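1. here is my input; please provide its structure:
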Amino acid sequence: MFLGLFYLVNALIDLPFMTEQLNSVGIAIIHTCFNVLVTALFLPFTKQLEKLACLTIRDKPGETTAEMPMLDKRFLNTPSVAIEQCKNVAYKMATLTKETLLMSLGLVEEYDAKIAQEVVDNENTIDIYEDKIGSYILQVASKDLSVSDSQVVSNLLHTIGDLERISDHAVNIKETAEEMFTKKIHFSEAAEKEVGVMTSALKEILEMSINSFMNGDIKLAKEVEPLEDVIDTLRAELKNRHIERLREGICTIELGFILQDLLTNFERVSDHCSNIAVCLIQIQENSLDTHEYINELKKLEKSEFMDEFNDYKAKYVLPD
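-> Purely as a prediction, here's the structure:
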């Protein structure tokens, strides 16, 4: 179309530069005019061009853009850029993980088959994220990295593993909710309120750990471990209360198994949230031993840690 227009204009006007030797300036002008005119021509047809592209290059069965994070190998020659790309994809993985766990927690309150399937689909996508990010990070790690870049790589490697495990527990929680729905069984009113308290605490620790990771917020990360201890305390208390209800004949053994599965998954999710936060703190403070770090933190009984622990303990009190 461009050539047709060009030769038409030349035939009508007899462009003077046609007989002259073309220099670099002339090449640049013609190239710019070509790009501007062709872009203007294509603008009204963007939707049609998109459909043509989708028809020309089809997705593989079951493959979506979200499932195939783009980590360009060409950036490996510039590690800092490659790491930034890894971070952006890891943040998408973290956001999807949070959404998936929240969906699974909602299923315990009100089961929905469509949402349950979405939880499973998301978990599969998160598995792909972990695989692709992990493989790419290992390639980046083989390059000559600065100290700060090495810290980021270490944090990403640890965190994507914990995110993937959280998504696994989301599926487990979904299966527990599905079992209750299928068997048409429910917790007692007291047990529902107690589980509700622990669910609220779990939502908060999830939000805190994901936000601290995505924003590099060390202050927020340090608030995670006290809440994780509170969740451990809640689990132990819920277990004791259930045993008491069994003795009184208020609850059944079957519901006891279901409650135990639910509480176990809740606690393990909080453990992985703790891992995400502690890893961020460790890298910032150049500490390597996770258990040593946590133990030292808890030894300081008059520290900020204990103040925050007591605040969360007061916030998440089980009903009488």
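
2. now the residue positioned nearest the centre of the chain, nearest residue through space, not along the chain?
-> Residue closest to the average C-alpha location in the chain (CA atoms, centre = their mean): Ala94, at 1.3 Å. Nearest residue to Ala94, sequence neighbours excluded (CB to CB, 6 or more residues apart in numbering): Ile210, at 5.1 Å. C-beta here means a position set from N, CA and C on the backbone, and glycine is covered the same way.

3. doesn't Thr100 make contact with the one you found?
-> No. Checked against CB atoms under 8 Å, the pair Ile210 and Thr100 is beyond contact range at 11.6 Å.

4. neighbour count: the two, which is higher?
-> Thr100 (26 against 22; other CB atoms under 10 Å).

5. what mean pLDDT does stretch 132-142 get?
-> The average pLDDT for stretch 132-142 rounds to 91.

6. okay, buried residues for it please.
-> For stretch 132-142, burial by neighbour count (16 or more other CB atoms under 10 Å) applies to 132-133, 136-137, 140-141.

7. next, count neighbours for Ile205.
-> Neighbourhood size, Ile205 [other CB under 10 Å]: 27.

8. wait, what's in contact with it?
-> If a contact means CB atoms under 8 Å, 6 or more residues apart in numbering, then Ile205 has 224, 227-228, 231, 270, 273-274 as its contacts.

9. equivalent analysis for Ala28, please.
-> Counted by CB under 8 Å, 6+ apart, Ala28 has zero contacts.

10. now it: which helix or strand?
-> Taking DSSP states H and E as the criterion, Ala28 maps to helix 24-42.

11. average pLDDT for that helix?
-> pLDDT averaged over helix 24-42 gives 88.

12. next SSE after it?
-> helix 46-56.

13. and the next element down the chain from that next one?
-> Per DSSP H and E, helix 46-56 leads on to helix 79-109 as the next helix or strand towards the C-terminus.

14. so what does the helix or strand following that following helix touch, helix or strand wise?
-> Where DSSP H and E defines the elements, the next helix or strand beyond helix 79-109 is helix 113-141. Counting contacts by 3 or more CB pairs under 8 Å, 6 or more residues apart in numbering; DSSP states H and E, helix 113-141 is packed against helix 79-109, helix 147-183.

15. hang on, the earlier thing: from the buried residues of stretch 132-142, which single one is nearest Lys203?
-> Ile133 (25.1 Å; CB to CB).

16. can you add mean pLDDT and distance to Ile29 and give the helices and strands packed on helix 113-141 back as a markdown table?
-> Below are the helices and strands packed on helix 113-141 laid out as a markdown table (pLDDT from 0 to 100; distance: least, CB to CB, whole Å):
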| stretch | mean pLDDT | distance to Ile29 |
| --- | --- | --- |
| helix 79-109 | 94 | 33 |
| helix 147-183 | 93 | 43 |
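
17. break this protein into its domains for me.
-> Domain segmentation of the chain under automatic domain parsing yields 2-56, 66-184, 185-320.

18. hang on, the earlier thing: what strand or helix carries the residue nearest to Ala94?
-> Per DSSP H and E, Ile210 falls inside helix 189-215.

19. give the rounded mean pLDDT of the next helix or strand after that helix.
-> As assigned by DSSP H and E, the chain's next helix or strand after helix 189-215 is helix 218-221. What helix 218-221 shows for mean pLDDT is 91.

20. packing partners for helix 218-221?
-> Judged by 3+ CB pairs under 8 Å, 6+ apart, helix 218-221 is in contact with helix 189-215, helix 253-285.

21. what comes up buried for it?
-> For helix 218-221, burial by neighbour count (16+ other CB under 10 Å) applies to 220-221.

22. for whichever helix or strand comes after that helix, name the packing helices and strands.
-> Following helix 218-221 in sequence order, the next helix or strand is helix 224-248 (DSSP H and E). On a contact count with 3+ CB pairs under 8 Å, 6+ apart, helix 224-248 meets helix 189-215, helix 253-285, helix 290-299, helix 304-315.

23. taking helix 189-215 as reference, get the angle to helix 224-248.
-> Interaxial angle of helix 224-248 relative to helix 189-215 (axes from the mean of the first three to the mean of the last three CA atoms, to 10 degrees): 160 degrees.

24. now helix 224-248: mean pLDDT?
-> Helix 224-248 comes out with an average pLDDT of 90.

25. centre of the chain to it, how far?
-> Here helix 224-248 shows a centroid-to-chain-centroid distance of 28 Å under the convention CA atoms, centre = their mean, to the nearest Å.

26. how close does the closest residue in space to Glu225 that isn't next to it in sequence get to Glu50?
-> Excluding its sequence neighbours, the residue lying closest to Glu225 (CB to CB, 6+ apart) is Ser274, at 5.7 Å. To Glu50, Ser274 is 44 Å away according to CB to CB, to the nearest Å.

27. now do Glu109
-> Distance from Glu109 to Glu50, by CB to CB: 40 Å.
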